[in-house]
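**Student:** pasting the structure only:
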DNA sequence: ATAGGGTTAG
């Protein structure tokens, strides 16, 4: 006993503590090796390894022979319990007892299996390499451990080597092989394995078939995953789960949810894995009802809210914005780790509750949990959203101090943060500081340039990344397109759009929508509608956002014809009809196309009360100058318990503007401040100034500008300029015009306003002069408007839509000049 | 055999 290795010492202690069992008593004088074997075996099977081991010690003490089978049994017990420590002690005993045991084929194989199952890769590998005979069990063990620790290629090479040595993989080996194929996304290898499975008749085994379905799912071949699944004779819940996971991982969230109801119909009880997967699907598709259903199933089936199910729940409630539910789940979870905390923190950030997020971070530290790169990137994006440069810098300093500086994800968020806080230079500095730039980092800086319309910078970066052998993906191309469109370079954008295709990258939904949106914003709405058709021809289905863009194109064209056809498409494709976003755009479109009745119809057909939808309808009345209806609808909105926001008041004021109702406007403006406690924004002041100026109340308008807590913008001065002509305040007009052109010489709207003001006055020389200045500056008029030549060399600016404010005056001037125009056009 | 968190585009 004195020669026992030190690490077996603790086991001796239980010997005295072990109470003699009845069995023991019965054979107290001559317990045979065989009876020990049975007791060791049953203790091992019930997980009482330490008890079994103490029996071995007892046997040693009684000088009983310990056969290889008994070591095998106890090692198997260690495998069940994944008890590496005890297993090592047994290994030590085996070695001590000499080669008779150590070189026993059965024991050697068991040891390989034991170390492999305990994920002790090196130990099992060494023993495996020394095996003289490699049977299917040791092969299964070694392939399994390689697969678990991520050596997938090696696992597959093992599979091949087995076959070469004519050891045939069984239904324990194949699942691991499938897993390795899935992880590597080697679908062709996987297909080969599938062939072997069919040939060797393993395909009826649920384990094998489930792992095949899983493998096809991981490789993105969902059709084959489904086929394998459908042919499983007795599908268990794991098979269902595996297919479901495949769907979710390939973005087919609806299919995953459908699978949940199918399996319930077949009487299969969902497990935590099922619910967790469905919650992921629900979160991905913003399916509030689906997610709540999944949560309910978890409760009804009494599924314990463990860490993973809890975080899936938490993730879902955070993603769909139900932060109170998320908090409830968080409080109910017993074991919380960094992931749990990160989820709630990011939930707060997504809701704009940055203070709460920071508070959670502090609590997290009090629980002795450390921030990881996810926590930090969430905080960094919080800084970006709120343009909180101080917070952003603090996070970056923390990253540097705690060696997170090389994290590529954090670098991307830092680039984004600096850009959002207004410093493109610092964003570029962070970008430059990263040595191994990945595609996402390149795209992040590109998006910064694109967002600001810095197409030159974007294009240079586009070349640079290719020089550094980072091939652009669809997002990259889309950003280049966006950068051109934001800079008004429509033709360049179209050129890139076609180059993208010839480079072999298929334009996706975002590519097409970017083009459409850019075309609309650059005054090419008709072409935008053409793009919508081409997109559909290419086999892509527009989503809610692209439909919104198409509707805005119809609005700009004031084309009821196009508008109705898009509406028809929406009705035919039911999936969109429930989208508030689309309903709102429809109301807006019909209003701007002049069909207020249809706008009302769409509005009335909507069941839920939604502020943006009400705002759209109020703005529709505003466009028509229906002040009374607009105000009445605002009252109804308040009756349903929703508070009007500053957008509502913008619409109400603009209704007054269109109707020219000064006193109503003043009343609304006062109510907004005193009754609703809304602080007027610059736009509200702008509207008021415009209303007053249009009514000829230039002095009151001027006073309001002086009183307001903002700097006046060009639009306000433009309103004043336009009002001057009515009162023939030529001097003030001249002064304001000069002021405008001095402060914003590049704003084409200024020239247009000034030119029109002079036109209303009949000062044709000034009109010509202003237009010349504009031409010299190479400024373009805004889209959707035209210059109309009224006499030789004199052009006035006329807006083709109803949104331009000075149309009435100009049109009346044109009416007066009708004779001149006619003679001129001859 | 199956399950959880952060970064890029409209």
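**Tutor:** Yep, it's here. None of these values were measured; they are calculated from a predicted model.
**Student:** so which elements touch the host helix or strand of residue A:600?
**Tutor:** Take DSSP states H and E as the rule and residue A:600 turns out to sit in helix A:596-604. Using 3 or more C-beta pairs under 8 Å, 6 or more residues apart in numbering; DSSP states H and E, the elements in contact with helix A:596-604 are helix A:580-592, helix A:611-623. Just so you know, the C-beta spots here come from the backbone N, C-alpha and C atoms, and that holds for glycine as well.
**Student:** need those in a markdown table with mean pLDDT, can you?
**Tutor:** Rendered in a markdown table, the data for these read as follows (pLDDT from 0 to 100):
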| stretch | mean pLDDT |
| --- | --- |
| helix A:580-592 | 92 |
| helix A:611-623 | 93 |
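**Student:** ok, which of the ones you listed comes nearest DNA strand B?
**Tutor:** Of all the helices and strands packed on helix A:596-604, helix A:580-592 sits nearest to DNA strand B, with 10.9 Å by C-beta to the nearest atom of the strand.
**Student:** and the angle for that closest one with helix A:611-623?
**Tutor:** 0 degrees (axes from the mean of the first three to the mean of the last three C-alpha atoms, to 10 degrees).
**Student:** may I see the buried residues of helix A:580-592?
**Tutor:** A:581-592 (16 or more other C-beta atoms under 10 Å).
**Student:** and it with DNA strand B, contact?
**Tutor:** No. Judged by C-beta under 7 Å from any atom of the strand, helix A:580-592 stays clear of DNA strand B, getting no closer than 10.9 Å.
**Student:** list the contacts of that helix.
**Tutor:** By C-beta atoms under 8 Å, 6 or more residues apart in numbering, the list of residues contacting helix A:580-592 from outside reads A:544-545, A:547-548, A:551-552, A:554-556, A:558, A:560, A:563, A:566-567, A:570, A:576, A:596, A:598-599, A:602-603, A:606, A:608, A:610, A:612-613, A:615-617, A:619-621, A:623-624, A:801-803.
**Student:** so that helix versus helix A:596-604, what angle?
**Tutor:** 160 degrees.
**Student:** name the element the residue lying closest to residue A:224 once chain neighbours are set aside belongs to?
**Tutor:** Closest residue in space to residue A:224, ignoring its immediate chain neighbours: residue A:216 at 4.3 Å, by C-beta to C-beta, 6 or more residues apart in numbering. In this assignment (DSSP H and E), residue A:216 forms part of helix A:206-218.
**Student:** circling back: of the contacts of helix A:580-592, buried ones?
**Tutor:** Using 16+ other C-beta under 10 Å, the buried ones in these are A:545, A:547-548, A:551-552, A:554-556, A:558, A:560, A:563, A:566-567, A:570, A:576, A:596, A:598-599, A:602-603, A:606, A:610, A:612-613, A:615-617, A:619-621, A:623-624.
**Student:** check the residues you listed against DNA strand B, which are close?
**Tutor:** residue A:545.
**Student:** next, residue A:790: secondary structure please.
**Tutor:** For residue A:790, the assignment made with DSSP: H, G, I helix; E, B strand; the rest coil gives strand.
**Student:** count of neighbours near it?
**Tutor:** 22 (other C-beta atoms under 10 Å).
**Student:** how about residue A:462?
**Tutor:** Neighbour tally, residue A:462, other C-beta under 10 Å: 20.
**Student:** what helix or strand does it sit in?
**Tutor:** Residue-wise, residue A:462 maps onto helix A:455-467 under DSSP H and E.
**Student:** in that helix, what counts as buried?
**Tutor:** For helix A:455-467, by 16+ other C-beta under 10 Å, it's A:455, A:457-459, A:461-462, A:465.
**Student:** still on that earlier bit, using JSON lines, please lay out the helices and strands packed on helix A:596-604 together with distance to residue A:199.
**Tutor:** Output for the helices and strands packed on helix A:596-604, formatted as JSON lines (distance: least, C-beta to C-beta, whole Å):
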{"stretch": "helix A:580-592", "distance to residue A:199": "53"}
{"stretch": "helix A:611-623", "distance to residue A:199": "60"}
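**Student:** closest to residue A:748 out of those helices?
**Tutor:** Proximity to residue A:748 (C-beta to C-beta) singles out helix A:580-592 among those, at 22.6 Å.
**Student:** check the offset of that closest one from the chain's centre.
**Tutor:** 26 Å (C-alpha atoms, centre = their mean, to the nearest Å).
**Student:** give me the contacts around stretch A:687-695.
**Tutor:** Here stretch A:687-695 has contacts from A:650, A:653-654, A:656-657, A:660-662, A:665-666, A:669, A:698, A:700-701, A:704-705, A:715-716, A:719-720, A:722-723, A:805, using C-beta under 8 Å, 6+ apart.
**Student:** out of these, which end up buried?
**Tutor:** Applying 16+ other C-beta under 10 Å to the contacts of stretch A:687-695 flags A:650, A:653-654, A:656-657, A:661-662, A:665, A:669, A:698, A:700-701, A:704-705, A:715-716, A:719-720, A:722-723, A:805 as buried.
**Student:** domain ranges for chain A?
**Tutor:** Here chain A is described, according to automatic domain parsing, as comprising the domains A:1-132, A:134-233, A:235-335.
**Student:** those: which one's closest to residue A:392?
**Tutor:** Comparing these by C-beta to C-beta, domain A:235-335 comes nearest, at 22.0 Å.
**Student:** and the closest one, how far apart are its ends?
**Tutor:** Terminal residues of domain A:235-335 are spaced 33 Å apart (C-alpha to C-alpha, to the nearest Å).
**Student:** next one: that domain to chain centre, how far?
**Tutor:** Taking mean C-alpha positions (C-alpha atoms, centre = their mean), domain A:235-335 and its chain are 18 Å apart.
**Student:** could you do stretch A:43-59 as well?
**Tutor:** With C-alpha atoms, centre = their mean as the basis, the mean position of stretch A:43-59 lies at 53 Å from the chain mean.
**Student:** buried sites along stretch A:259-270?
**Tutor:** A:259-260, A:263, A:268, A:270.
**Student:** stretch A:528-535 too?
**Tutor:** A:528-529, A:531-532, A:535.
**Student:** nearest to residue A:231, of the residues you listed?
**Tutor:** For those, the nearest to residue A:231 is residue A:535 (37.8 Å; C-beta to C-beta).
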